[in-house]
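>>> my questions are about this predicted structure, shown below with the sequence.
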Amino acid sequence: MFLFHLHFPVLFGASTVLSMVGVNIGSAGRALDDTMGDWPQTYHYQPSVGGVPLYQIHYTPVQINLQTAISPPNTGETIQIRAQGNNGLSCPDTTWVLNGQSAFTLVPFNNLPLGVQTINQTITFSYRIQKPDGTWNTWQPLGTSANTIYLILSLPTPNAVPFASVLKWACSGQGATTRSATVQQFFGAIAGKQVTTYSGQSLYYYLAGTTFASNQTSLPLLLTTKTGQCLAWSSFLADCFELHGMTVNSSYLEVGVFANPPDPNNGFLVKNWSAPAGSGPWMLVSSANPDPNYFEMVPAPAAGPVSPTGGINGQGSQTPSEKVFWNHSILKYSSTYYDASYGSTYSGAESFRFASVFGQYSQAGFVGPFRQISVTRTTYGGIWFVE
């Protein structure tokens, strides 16, 4: 009798499959959505839902944390993982002897790009398994991650809130490496007065047809309702500074008329207005408004000698719905005053008056529910910044 022994080869590793579960950029922070909330992804990138927006100081090292699923779970096999990306990102092929783990850390040769900017970072992963004879199986695809990474200038201040919609504009430059260049680039973008959220929705400074009450005064509410007052826009701009580690005035500057500090009984009219020749005074009657602190312009004020015409563009608004104010919030950094609402800069109060102000007003009582003000054309002075 002859006995035949059938020897089947042991395909060690040939049936082992790795799949991507998620990727974290260990050195990066997660940006917030417009509700101050987080994104649904557990990891910075997940194949089923995509990537979250991230932020990190420019030209700093990257650490890539890859979470996989290994089927069947093996111990003792030797694997190699390769990770290569755009923006010059390159990792050494890294070898592990499996010991039940499924998470792997890779460190690229190079840092993130130099300078403040926004990058779309993709990383393609592949793996191969060593055979018993020491040779390797062919490389197998593992997946590709994709994240927007906002490269900031330096460590953010404690006041900074990393909204993705603010980072989008704070990092809209093309590689600035100094504070002055960074400010010039992000304020230059904001000064275009076409600011949009992370998802592309337009933001407004007093959207046409909206009242004072429907325009918000905080940054979170500006991002959710999409239209805001000057304080909300100053907060937006302040966050741009703070995200790059630059501290701006802790209390916003105000434009006051006749009184220090400003009060609702005295204020100014933002250009442009139609008025008779001369300096006035002229009476102007507001729309009905239960709040005596505001001169409401929606619906339009009662007809009179002074009437609003097309004026200075605001954020997203050809002519903002409100143009009569008793204060206005702006920011000062270094020796320059920055006005996010109108996308302008000023050297001082007289610079603001010349660029933006038609006239000044003082309270003149009420006609029924309507507020009445006395308006004079301004030629010089009467306005200052209260710091």
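Cool, got the structure.
>>> looking at this, residue 186 is in a strand?
No. The assignment for residue 186 by DSSP: H, G, I helix; E, B strand; the rest coil gives helix, which leaves it out of any strand.
>>> ok, it to residue 179 distance?
In this structure, residue 186 lies at 11 Å from residue 179, with CB to CB, to the nearest Å as the measure. All C-beta spots, glycine's among them, are computed from the backbone N, C-alpha and C.
>>> and the two? Which one has more around it.
A count of neighbours by other CB atoms under 10 Å puts residue 186 above the other of residue 186 and residue 179, at 25 against 17.
>>> what count of nearby residues applies to residue 358?
Residue 358: 23 surrounding residues under other CB under 10 Å.
>>> against which helices or strands is the helix or strand containing it packed?
Under the criterion of DSSP states H and E, residue 358 resides in strand 357-367. In this structure, strand 357-367 makes packing contacts with strand 266-270, strand 282-288, strand 370-377, judged by 3 or more CB pairs under 8 Å, 6 or more residues apart in numbering; DSSP states H and E.
>>> pairing partners for the helix or strand following the first one, with directions?
By that I understand strand 266-270. The C-terminal neighbour of strand 266-270 among helices and strands, as given by DSSP H and E, is strand 273-274. Strand 273-274 has the following strand partners under DSSP bridges: strand 307-308 (antiparallel).
>>> can you tell me the strand partners of whichever helix or strand comes after the strand it pairs with and which way each runs?
Once the chain leaves strand 307-308, the next helix or strand it forms, by DSSP H and E, is strand 324-325. Strand 324-325 has these partner strands in its sheet, going by DSSP bridges: strand 266-270 (antiparallel).
>>> run a quick check on residue 123 versus residue 81, I expect a contact.
No. With contact defined as CB atoms under 8 Å, residue 123 does not count as touching residue 81 (11.2 Å).
>>> the helices in the protein, which residues?
When secondary structure is read from DSSP state H, the chain shows helices at 164-170, 179-190, 219-225, 230-243, 349-356.
>>> show me the strands in the stretch 51-200 of the chain, by range?
Ranges of strands in the stretch 51-200 of the chain, per DSSP state E, counting those that start in this stretch, are 54-57, 64-71, 75-85, 94-99, 103-106, 117-129, 140-152.
>>> now the last one, how far from the centre of its chain.
When you say that, I think you mean strand 140-152. 20 Å (CA atoms, centre = their mean, to the nearest Å).
>>> just the angle for it relative to strand 75-85, thanks.
Inter-element angle recorded for strand 140-152 and strand 75-85: 50 degrees (by axes from the mean of the first three to the mean of the last three CA atoms, to 10 degrees).
>>> how about the CA coordinates for strand 140-152, as PDB?
Listed in PDB are the C-alpha atoms of strand 140-152, where the atom choice follows Å, rounded to 0.1, in the frame of the first residue of the first chain:
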ATOM      1  CA  GLN A 140      -2.300  46.900  -2.000                       C
ATOM      2  CA  PRO A 141      -4.400  50.100  -1.900                       C
ATOM      3  CA  LEU A 142      -5.700  51.100   1.600                       C
ATOM      4  CA  GLY A 143      -7.400  54.400   0.900                       C
ATOM      5  CA  THR A 144      -6.900  58.200   0.500                       C
ATOM      6  CA  SER A 145      -7.700  60.800   3.100                       C
ATOM      7  CA  ALA A 146      -8.600  64.400   2.300                       C
ATOM      8  CA  ASN A 147      -8.700  67.400   4.600                       C
ATOM      9  CA  THR A 148      -8.700  71.200   4.300                       C
ATOM     10  CA  ILE A 149      -5.900  72.400   6.600                       C
ATOM     11  CA  TYR A 150      -5.700  76.100   7.500                       C
ATOM     12  CA  LEU A 151      -2.100  77.100   8.100                       C
ATOM     13  CA  ILE A 152      -2.000  79.700  10.800                       C
END
